[in-house]
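Undergrad: Sequence and computational prediction follow.
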Amino acid sequence: METGLWAFGVAVVSFAITAIIGRYLIPFLHKLNFGQTILDIGPNWHKNKQGTPTMGGIMFVIGIVIATSAGVLLYAIGHGLDSVSRFVFAGLLFALLNGGIGFIDDYVKVVKKRNLGLTAIQKLVLQFLAAAIYLFVMYLCKDNTEILIPFVGYVDLGFFYYIVMAVVLVGIVNAVNLTDGIDGLAGSVTFFACLFMMLIANVLGNHVANVLFAAAAAGGCLGFLIWNFHPAKCFMGDTGSLFLGAMVCAIALAMDMQLLLILIALVYLIEMFSVMLQVTYFKLTHGKRLFKMSPIHHHFEMCGWSEMKIVCVFSAFTALCGLGALLLVIFG
């Protein structure tokens with residue numbers, strides 16, 4: 001009961017900070033002409049979104065970091081510092097590093113007027129560097145190399161764990177980035193992912209800090225959706241999507257639920273693999289397409305689905321995946 005109250009309080013603080021910052025950040029971004037350039041690779045009707053402010057992810061980056069840090073530290077005053085708190089702060093570092101990479105990418109696109117931002121190689125090098133720093137910090141924090149497998153228990157991967165996790169971290173961070181393609185999609189899906197990770201952390205009983213971290217993330221996503229839900233008044237940009245991707249990974253690793261992350265992050269992974277399949281099929285068939293457009297949310301748009309319908313269906317699917325992961329933890 002007490003943990004639930006703390007989680008609710010942290011979520012409300014994160015929500016409030018994010019929503020309030022948006023009230024002032026969006027006009028400021030308008031003033032700086034930090035508008036999104038809509039590329040021709042997306043649906044034609046997205047052109048009417050041209051000029052919508054980007055880098056809006058800054059608002060929930062601030063909200064989540066403040067709410068998580070304050071919540072964990074204030075809880076520590078009355079109950080002692082949670083032994084997993086160091087993993088949470090390592091996770092915040094990882095999320096901020098990726099948010100920084102996204103900020104550089106957005107800055108190059110918007111200020112330097114280079115539509116594609118950083119090159120794919122530049123992004124990957126920086127992202128693997130961020131992952132390496134994070135995993136090294138986790139190692140210094142005495143993290144283990146075990147993963148929890150439902151119905152089996154903990155399995156130690158040894159040094160191989162770090163190689164696998166570096167690939168997983170960079171993959172999911174980029175998958176979340178691909179999911180951020182229509183109004184409210186990435187924020188809504190991530191809200192449900194964080195909500196169920198919060199519930200799982202509570203069921204596992206693996207420390208209050210994890211519950212507060214996930215609660216702050218969920219609250220920040222809701223606060224952002226006030227400004228990003230269709231029709232969006234701002235976009236999160238790579239600043240926000242890379243931060244969210246890293247944050248989801250960090251919450252999962254802090255809870256030792258690396259394998260369950262695949263289930264909770266299934267929408268992100270489907271989005272990523274739809275792009276990979278589209279590109280591969282296009283090359284193998286010399287110009288034929290597997291989907292009308294990728295990532296797959298654009299395929300559904302081309303099939304006539306509204307942005308609202310896509311957000312609702314993808315969010316509901318994420319909630320079902322989260323429920324499945326919760327049940328695996330309870331009964332596994």
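TA: Arrived safely. This one's a predicted model, so the numbers in the text were calculated from it and none came from an experiment.

Undergrad: Run through the residues that contact Leu204.
TA: By Cβ atoms under 8 Å, 6 or more residues apart in numbering, the contact set of Leu204 is 255, 257, 329. No exception for glycine: its C-beta is placed from N, CA and C like everyone else's.

Undergrad: okay, who's weakest in those by pLDDT?
TA: By pLDDT, Met257 ranks lowest within those, coming in at 84.

Undergrad: That one: neighbouring residues, count only.
TA: Counted with other Cβ atoms under 10 Å, residues neighbouring Met257 total 25.

Undergrad: so what's it closest to, chain neighbours aside?
TA: Nearest residue to Met257, sequence neighbours excluded (Cβ to Cβ, 6 or more residues apart in numbering): Leu148, at 5.9 Å.

Undergrad: repeat for Gly9
TA: Gly9 sits nearest to Gly71 (Cβ to Cβ, 6+ apart), 7.1 Å away.

Undergrad: Phe243 and Thr145, how far apart?
TA: In this view, Phe243 and Thr145 are 26 Å apart by Cβ to Cβ, to the nearest Å.

Undergrad: between these two, who's got more neighbours?
TA: For Phe243 versus Thr145, neighbours defined as other Cβ under 10 Å are more numerous around Phe243 (33 against 16).

Undergrad: what about the closest residue to that one other than its chain neighbours, helix or strand, and which?
TA: The shortest distance from Phe243 to any non-neighbouring residue, by Cβ to Cβ, 6+ apart, is to Gly99 (3.5 Å). Element membership for Gly99 (DSSP states H and E) is helix 85-110.

Undergrad: and that helix, what other elements does it pack with?
TA: helix 58-79, helix 120-140, helix 160-179, helix 208-228, helix 237-254 (3 or more Cβ pairs under 8 Å, 6 or more residues apart in numbering; DSSP states H and E).

Undergrad: Do me a favour and average the pLDDT over it.
TA: For helix 85-110, the mean pLDDT works out to 94.

Undergrad: what do you get for stretch 142-152?
TA: Mean per-residue pLDDT for stretch 142-152: 78.

Undergrad: how about it: buried residues?
TA: Within stretch 142-152, the residues scored as buried using 16 or more other Cβ atoms under 10 Å are 143, 145, 147-148.

Undergrad: with those residues in mind, which one is nearest to Gly171?
TA: Minimum distance to Gly171 across those is 15.9 Å, recorded for Ile147 (Cβ to Cβ).
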